[in-house]
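Engineer: Predicted model and sequence below, questions to follow.
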Amino acid sequence: MTTTQAQQIAKPTTFEGWLEALSGALGVRHKSDGTRFTYLSDADYWNPIRRDLLEIIHAAHDDELPNEWRYSTVAHIVDSLLEYGQPGESPWDVDAYREVSWEIAESGADSYTSQNIAWLAENVGRVAFRDEEITTELLPAEQACHIGFLALLRQQEEVEWMVQVVLNAVESLVAE
């Protein structure tokens, strides 16, 4: 066995193992202009599961081209899921993670109206709610005409959808 083979990660067999692997493989770099971007490590260590990790990330992109918002949101989702399932506690199953998906979405959405509006403007496909009933279920009457609140709610919905996509992808990897 070569040194490279000995240093490669084994394919995870648990839900938490896949989340930890994805969290460990995602990193942040800074460009010369000071902006940051999230990326999937190109280290040889990840080769045995790189394709699986990329599939999770690409599924969460919902047919958008790779972009920083999606990559950094996946990192937030994975780290948040790992925080909910603390070490030493009994292992969480996928249903337990699904129950906290909206909390993760609320904490992952931008907090400033200008950021939410800019997020919508980046991609015209983001302007429509996936679930039209969300506006009647979660939108207080006094906020119904506030474009900033609508933009926030739409971004929260998108993050929650991404949580579900990540959970589905990891669930299928564990079932393999």
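Structural biologist: Structure's in. What do you need? Only a predicted model underlies this, so the values are computations on that prediction, with no experimental measurement involved.
Engineer: All the strands of this protein, residue numbers only.
Structural biologist: Counting by DSSP state E, one finds strands in the chain at the ranges 26-30, 36-40.
Engineer: His61: which of these is closest?
Structural biologist: Taking Cβ to Cβ, strand 36-40 is the member of the strands of the chain nearest to His61, at 12.3 Å. Quick note: C-beta positions are derived from backbone N, CA and C, even for glycine.
Engineer: OK, contacts around the closest residue to Ala75 other than its chain neighbours?
Structural biologist: Nearest residue to Ala75 in three dimensions, chain neighbours excluded: Leu26, at 4.7 Å (Cβ to Cβ, 6 or more residues apart in numbering). Contacts for Leu26 (Cβ atoms under 8 Å, 6 or more residues apart in numbering) come out as Thr38, Tyr39, Leu40, Ser41, Tyr71, Val74, Ala75, Val78.
Engineer: among those residues, who's most crowded?
Structural biologist: Val74 (28 neighbours; other Cβ atoms under 10 Å).
Engineer: ok, the residue nearest to Ala75 to Glu99 distance?
Structural biologist: Distance from Leu26 to Glu99, counting by Cβ to Cβ, to the nearest Å: 24 Å.
Engineer: and Tyr84, what does it touch?
Structural biologist: Trp92, Ala96, Tyr97, Val100, Ile104.
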